[in-house]
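Colleague: below: sequence and its predicted model.
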Amino acid sequence: MFRNYVMNHSFLRNVGLIFGEIDNYPDKPGDFTPYFEFEIGPNQDNYTLYFQKLPKAKLYYNYIFLKLWAYNPHDAVKYLEYHFSAYPDKHDFLLFLNRQLKHRAALLKPRSDRLSIFTICIDWVAEELNNLKEERKITAYNQFIRNDLTVIVKNELQHIGSPNTANTASIEKITDQISSGLQARLDSILEDTETRISALTDKYETCNIQLTNANMKDKLIGLFLCLKDLTGKPPRKNKPGDSLFTKMDLNDIAQILRLHFAPYKGLKIDSIERRVYEVNNNFKSDNSAYQELSKALQKFFFNS
């Protein structure tokens, strides 16, 4: 009742939202998306969430991550896997978790144990999202192959005699046999091709630059990120300044590292790109040295 009064009073609503005293979730218990399994009752030593009574949305969402923090890194991932396996919409679950983890991680102190747990869990989410993407590609590809094979089999049977209802099952069986055998062969070809391309790339790498200190890997990424985003001061208000590069994205940085720097040699490009993305988020948000470097490079390139 009180919440309804506040939400319908413009001044009180705005003050409440600004200072976090109220939120946009309904005041009704249980009115939330149950991404993580929960039960009403006394706490038990397992991965399920337990509440004394049906929780409201804010309490439910907060407790998901309070319980996550209480595990060591290995068990924290097992906790996520448990709820991930139970929730039907895998993609929706991973998107929810990805956004929540990154948002809550941004509110933590840089060297806290909780931030370390969150970083490990964010890596797990990224891997699962990539796996899900690959599975969808394979499913779509398999269906595409099967549909084409069905047409081919029917056309072949027409040369023998017009197919009728009696041989529909035979068509399906033949199609299944061919598509399963073909898929195994395609998997073998793709794996062999990937190995050959990787070997070829290694052979023609232009450099093998070593770092004297392995701890400088993220700072090296930061340097390339700074160059990527570098722009001169705008000539007029509301006008963008000239950029150093016409086009450069995170994948370009990952490719440069993969081809030219020894610590990244042999790594898969998607894992390098993921690390570039993480460093990009961390450096831009709270790294004063990154901001100073950006100003110095801007002066060097555009004010000389």
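Modeller: Now that the structure is in, tell me what you want to look at.

Colleague: so Leu95 sits in a strand?
Modeller: No - Leu95: not assigned to a strand; according to DSSP: H, G, I helix; E, B strand; the rest coil it is helix.

Colleague: gap between Leu244 and Phe300?
Modeller: From Leu244 over to Phe300 the distance is 10 Å, taken as Cβ to Cβ, to the nearest Å. For every residue, glycine as well, the C-beta is placed using N, CA and C.

Colleague: so Glu39: helix, strand or coil?
Modeller: strand.

Colleague: which ones are touching it?
Modeller: Counting by Cβ atoms under 8 Å, 6 or more residues apart in numbering, Glu39 touches 48-51.

Colleague: how about a cut-off of 6 Å?
Modeller: Each residue near Glu39 by Cβ atoms under 6 Å, 6 or more residues apart in numbering is listed here: 48, 50.

Colleague: for it, list each beta-bridge partner.
Modeller: The partner list for Glu39 in beta bridges (DSSP bridges) reads Tyr50.

Colleague: and it, how far from Leu54?
Modeller: 11 Å.

Colleague: where along the stretch 1-150 of the chain do the helices fall?
Modeller: 2-7, 10-18, 57-69, 73-86, 90-106, 113-160 (DSSP state H, counting those that start in this stretch).

Colleague: now the longest one: mean pLDDT?
Modeller: Right, the one you point to is helix 113-160. Summarised as a single mean, pLDDT over helix 113-160 is 74.

Colleague: then the shortest one?
Modeller: Confidence for helix 2-7, expressed as mean pLDDT, is 52.

Colleague: quick revisit: tell me which of Leu244 and Phe300 has more neighbours.
Modeller: Leu244 (16 against 10; other Cβ atoms under 10 Å).

Colleague: in this protein, where is pLDDT below threshold?
Modeller: Filtered on pLDDT under 70, the chain yields the residue ranges 1-26, 111, 138-207, 234-241, 284-286, 304.

Colleague: let's go with 50 and repeat that
Modeller: By pLDDT under 50, the low-scoring segments of the chain are 5-6, 12, 15-17, 19, 163, 165-166.

Colleague: I'd say Ser294 and Cys226 touch.
Modeller: Yes - Ser294 is within contact range of Cys226, at 5.2 Å (criterion: Cβ atoms under 6 Å).

Colleague: and Lys67, how many neighbours?
Modeller: 16.

Colleague: so it versus Asp113, what's the distance?
Modeller: For Lys67 relative to Asp113 (Cβ to Cβ), the value is 15 Å.

Colleague: again with Met248
Modeller: Taking Cβ to Cβ, one finds Met248 at 36 Å from Asp113.

Colleague: the more surrounded of these two?
Modeller: Between Met248 and Asp113, counted using other Cβ under 10 Å, the more crowded position is Met248 (17 against 12).

Colleague: close enough to count as contact, that one and Asp229?
Modeller: No - when contacts are counted by Cβ under 6 Å, Met248 is not listed as touching Asp229 (8.8 Å).

Colleague: quick one, helices of the stretch 151-300 of the chain?
Modeller: 168-203, 217-229, 250-260, 269-286, 288-302.

Colleague: list the helices and strands the shortest one packs on?
Modeller: Taking 3 or more Cβ pairs under 6 Å, 6 or more residues apart in numbering; DSSP states H and E as the contact definition, the neighbouring helices and strands of helix 250-260 are helix 269-286.
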